[in-house]
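> any chance you can model this:
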Amino acid sequence: MQPRIFQVPKGFIIIAFIILVPIQTSGQDVRVDRTHSIKATYLGLTYAYEQPVSKRSILNIELGLSSGFGYVWTSADYWGIYPSFRLEPRLYYNYLKRKSVNKKTTNNSANYIALSFDYHPAFGIGKDLENIQSAALIPKVGLRRSVLDKLFFEFATGYGPGKSEEKDWIGVLAFDLKIGFILKK
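Numbers count the residues shown, from 1 in each chain. This next block holds a predicted model:
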């Protein structure tokens, strides 16, 4: 069976463009940080790279391994490990305000809005695992805070369309809770 190609709604491309448009500020040479980090989630581990594209915007790219497990009433239990990819433009909308009132902005500690494109290819390893290609395009609101010099946590939530090989576009609820460690700035 040939993988299906996902078509992205034009409205989401416009939202991503708005987030990535450079936002000019007068007289300030303050910019979000470029970071390389490892993030642990409740069911996975990812490598993340954040590239600044303006004073308050970054492009977050994550490559990771996700896992899943469960029990289906009609069959046995299952578990699996599969790769994941995320491309996420973020606008740290209160970054400059936090900086101006001397609040901590280390490691991009600020609130943000994002448009997250998540992709899971149709392969993985596990027991009784169905390998299904899927993608989601989810607007999110979140926050990121540094706990120590190199340790941070993130929380984000959102709702948007998702698609898999088995189903047409459906509503997907996203919930991110991550603890991260900065490898390099």
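> contacts only, for residue 84.
Residue 84 makes contact with 44, 46, 62, 63, 64, 65, 66, 118, 119, 120, according to CB atoms under 8 Å, 6 or more residues apart in numbering. The C-beta positions use only the backbone N, C-alpha and C, and glycine is treated the same way.
> tell me what the helix or strand hosting the second one is packed against?
If you go by DSSP states H and E, residue 46 is part of strand 44-52. Contact partners of strand 44-52 among helices and strands, from 3 or more CB pairs under 8 Å, 6 or more residues apart in numbering; DSSP states H and E: strand 35-40, strand 57-71, strand 77-91.
> CSV please, covering those and showing distance to residue 114 and mean pLDDT.
Shown next, in CSV, are the helices and strands packed on strand 44-52 (distance: least, CB to CB, whole Å; pLDDT from 0 to 100):
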stretch, distance to residue 114, mean pLDDT
strand 35-40, 14, 94
strand 57-71, 7, 83
strand 77-91, 4, 87
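> looking at those, which is nearest to residue 150?
Closest of those to residue 150 is strand 35-40, at 8.6 Å (criterion: CB to CB).
> show residues contacting the closest one.
Here strand 35-40 makes contact (CB under 8 Å, 6+ apart) with 45-50, 62, 64, 107-108, 152, 154, 178-185.
> please tell me how far residue 145 sits from residue 108.
To residue 108, residue 145 is 10 Å away according to CB to CB, to the nearest Å.
> I appreciate the help and will end here.
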